[in-house]
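**Student:** next one to model:
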Amino acid sequence: MSFYKFIDSYKDFNIDSYLNNVSDEDVLRSLQKDSLDEYDLLNLLSKTATKYLELMAQKANEITNRYFGKTILLYTPMYISNFCVNKCVYCGYNIDSDIKRKKLNADEIYNEGLAISKDGFKHLLLLTGESKIHSDVKYIGDAVSVLNDIFPSITIEVYPMDEDEYRYLYEKGVEGITVYQETYNEKIYKNVHLKGPKSNYKYRLDAPERAAKSGMRSISIGALLGLNDFREETFFTLMHGRYIRNKYPQVDVSYSIPRIRPFKGCYENLIEVSDKDLVQVMIVMRLFDNQGGINLSTRESLSLRKNLIPLGVTKLSAGVSTNVGGHSSDGEGTEQFEISDESSVLQIKKMLNDIGYQQIFKDWERFQCTL
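**Tutor:** So this is what the prediction gives:
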């Protein structure tokens with residue numbers, strides 16, 4: 001079984017019509033419940049629910065404090081290659097983009113890791129462009145081997161893989177994956193992924209499940225907000241997370257809520273997602289999945305991230321460079337997108353401390369059990 005079966009079950013369901021007919025009573029009834037079903041989720045995502053954002057925010061804050069306390073896990077991404085074979089109209093890495101391409105060798109990867117570690121990071125998100133030709137599974141595995149002694153926790157955000165490839169990387173030391181479906185709307189997906197392996201909607205959709213089967217302990221999913229109506233995307237993202245959690249209870253599920261940022265050759269046909277919309281997404285995520293991780297990246301400004309933290313955020317990126325090798329060199333490869341928050345790690349730590357939160361650099365210990 002695939003999550004696609006759930007998506008297909010909504011093929012004849014008019015989500016817009018349902019959302020437009022949600023009443024105040026529907027919202028308040030759903031808000032009073034501790035365990036939400038898919039109709040409660042739609043109720044809280046409706047425009048009617050925006051009248052009750054303050055009440056929803058109070059409950060989201062209480063839930064977040066109950067399950068996570070006032071702690072935030074800090075991590076940083078490390079770009080080791082920006083070669084890509086896909087043509088995605090919204091991404092600066094796409095194959096037709098006239099950008100500088102770069103791929104780090106083993107020594108450069110080690111030096112980049114050392115530079116990042118000096119800021120105290122223990123969690124590393126390793127990224128490549130989506131090109132199996134330029135960054136094959138062995139290259140990624142070798143990069144992980146180089147970095148294992150520096151970082152006790154390594155996750156990856158690369159192209160979708162087969163189960164045996166995920167298992168190979170798990171055995172190399174990768175503990176989790178991030179894979180964004182970008183949009184759960186199959187028609188829009190086809191229109192924005194013009195060529196390359198990424199145009200295979202179902203293969204990408206099933207990637208988190210293949211990773212779970214391989215042994216990965218953490219999976220982060222999300223939609224790229226701005227390609228489609230944010231309410232529909234949030235609905236399917238959260239139902240996807242519930243599907244993974246129910247089927248693979250050993251897996252930690254996290255969500256990201258990235259809004260499209262400017263990049264070289266930026267895609268013009270975007271659907272606006274306002275700050276208020278983002279607030280609603282964040283609150284509903286916490287109300288629907290009390291224990292799910294929620295990541296807010298440097299795509300958003302420091303002030304917005306600061307204000308959203310009490311509503312459910314559990315992870316923040318900091319000290320970010322989206323250039324390949326950008327921490328240890330001049331970052332010759334073109335950046336994937338422009339970031340909004342260029343704060344240093346010290347500035348992020350100060351911001352967290354100022355609002356009564358504690359930063360965490362490591363929240364678990366990798367170990368081997370011997371009998």
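**Student:** hey, let's count contacts and neighbours off CA atoms from now on
**Tutor:** Noted.
**Student:** where does the stretch 201-350 of the chain have low pLDDT?
**Tutor:** Within the stretch 201-350 of the chain, the stretches with pLDDT under 70 are 261-268, 330-341.
**Student:** CA atoms only: put stretch 134-153 into CSV for me.
**Tutor:** Extracted C-alpha coordinates of stretch 134-153, given in CSV (Å, rounded to 0.1, in the frame of the first residue of the first chain):
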residue,chain,number,x,y,z
HIS,A,134,27.3,13.5,-10.3
SER,A,135,26.5,12.5,-6.7
ASP,A,136,25.9,8.8,-6.7
VAL,A,137,25.0,6.8,-3.6
LYS,A,138,28.6,5.8,-3.0
TYR,A,139,29.7,9.5,-3.2
ILE,A,140,27.1,10.4,-0.5
GLY,A,141,28.1,7.4,1.6
ASP,A,142,31.8,8.3,1.4
ALA,A,143,30.9,11.9,2.4
VAL,A,144,29.1,10.5,5.5
SER,A,145,32.1,8.3,6.4
VAL,A,146,34.3,11.4,6.2
LEU,A,147,31.9,13.3,8.5
ASN,A,148,31.0,10.6,11.0
ASP,A,149,33.8,11.5,13.4
ILE,A,150,32.8,15.1,13.5
PHE,A,151,29.0,14.9,13.7
PRO,A,152,27.1,12.3,15.8
SER,A,153,23.9,13.0,13.8
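**Student:** how about residues contacting that stretch?
**Tutor:** Under the criterion Cα atoms under 8 Å, 6 or more residues apart in numbering, residues 81, 83, 106, 109-110, 113-114, 117, 121-124, 128-129, 154, 165, 168-169, 172-175, 362, 365-366 lie in contact with stretch 134-153.
**Student:** what sits up against stretch 198-214?
**Tutor:** Residues contacting stretch 198-214 (Cα under 8 Å, 6+ apart): 2-4, 86, 159-164, 166-167, 170, 176-177, 179, 181, 186, 189-190, 193, 219, 221, 244, 248, 251.
**Student:** taking those one by one, which sit in strands?
**Tutor:** Cross-referencing the contacts of stretch 198-214 against strands under DSSP state E gives 176, 177, 193, 219, 221.
**Student:** counting neighbours, what do you get for the second one?
**Tutor:** In this case it means residue 177. Burial of residue 177, expressed as a neighbour count using other Cα atoms under 10 Å, amounts to 26.
**Student:** what of the third one?
**Tutor:** Per other Cα under 10 Å, the neighbour tally for residue 193 reads 21.
**Student:** ok so, going back, can you select the buried ones from the contacts of stretch 198-214 in ChimeraX?
**Tutor:** Only the buried entries of the contacts of stretch 198-214 go into this ChimeraX selection, using 16 or more other Cα atoms under 10 Å:
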select :3,86,159,160,161,163,166,167,170,176,177,179,181,189,190,193,219,221,244,251
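**Student:** just the mean pLDDT for stretch 104-118, thanks.
**Tutor:** Mean pLDDT, stretch 104-118: 95.
**Student:** ok, residues contacting it?
**Tutor:** The contact list for stretch 104-118 (Cα under 8 Å, 6+ apart) reads 76, 78, 80-81, 142-143, 146-147, 150-151, 324-328.
**Student:** buried residues in it, which are they?
**Tutor:** For stretch 104-118, a neighbour-count test (16+ other Cα under 10 Å) marks 104, 106, 108, 109, 110, 111, 112, 113, 114, 115, 116, 117 as buried.
**Student:** now do it: distance to the chain's middle.
**Tutor:** Distance, stretch centre to chain centre, for stretch 104-118: 23 Å (Cα atoms, centre = their mean, to the nearest Å).
**Student:** what's the neighbour count on residue 347?
**Tutor:** Neighbours of residue 347 using other Cα under 10 Å come to 14.
**Student:** got the CA positions of stretch 2-20 in CSV?
**Tutor:** This file holds the C-alpha atoms of stretch 2-20, laid out as CSV (Å, rounded to 0.1, in the frame of the first residue of the first chain):
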residue,chain,number,x,y,z
SER,A,2,1.1,3.6,-0.8
PHE,A,3,0.0,6.9,0.5
TYR,A,4,-1.0,7.5,-3.0
LYS,A,5,-4.1,5.4,-2.3
PHE,A,6,-5.2,8.1,0.3
ILE,A,7,-4.6,10.9,-2.2
ASP,A,8,-6.6,9.0,-4.8
SER,A,9,-9.5,8.6,-2.4
TYR,A,10,-9.8,12.4,-2.4
LYS,A,11,-9.9,12.7,-6.2
ASP,A,12,-13.7,13.3,-6.2
PHE,A,13,-13.7,15.3,-3.0
ASN,A,14,-14.0,19.0,-3.5
ILE,A,15,-11.7,20.4,-0.8
ASP,A,16,-12.3,24.0,-1.7
SER,A,17,-16.1,23.5,-1.4
TYR,A,18,-15.7,21.8,2.0
LEU,A,19,-13.4,24.6,3.3
ASN,A,20,-15.8,27.3,2.1
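**Student:** quick one: average pLDDT of it?
**Tutor:** Across stretch 2-20, the average pLDDT comes to 96.
**Student:** and the contacts of that stretch?
**Tutor:** Contacts for stretch 2-20 (Cα under 8 Å, 6+ apart): 42, 43, 45, 46, 47, 202, 205, 206, 232, 236, 240, 243.
**Student:** and with 7 Å instead?
**Tutor:** For stretch 2-20, contacts defined as Cα atoms under 7 Å, 6 or more residues apart in numbering pick out 42, 43, 46, 206, 240, 243.
**Student:** include neighbour count and distance to residue 307 when you put those residues into JSON lines, please.
**Tutor:** As requested, the contacts of stretch 2-20 are exported to JSON lines (neighbours: other Cα atoms under 10 Å; distance: Cα to Cα, whole Å):
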{"residue": "42", "neighbour count": "25", "distance to residue 307": "24"}
{"residue": "43", "neighbour count": "27", "distance to residue 307": "24"}
{"residue": "46", "neighbour count": "21", "distance to residue 307": "22"}
{"residue": "206", "neighbour count": "18", "distance to residue 307": "34"}
{"residue": "240", "neighbour count": "22", "distance to residue 307": "27"}
{"residue": "243", "neighbour count": "16", "distance to residue 307": "30"}
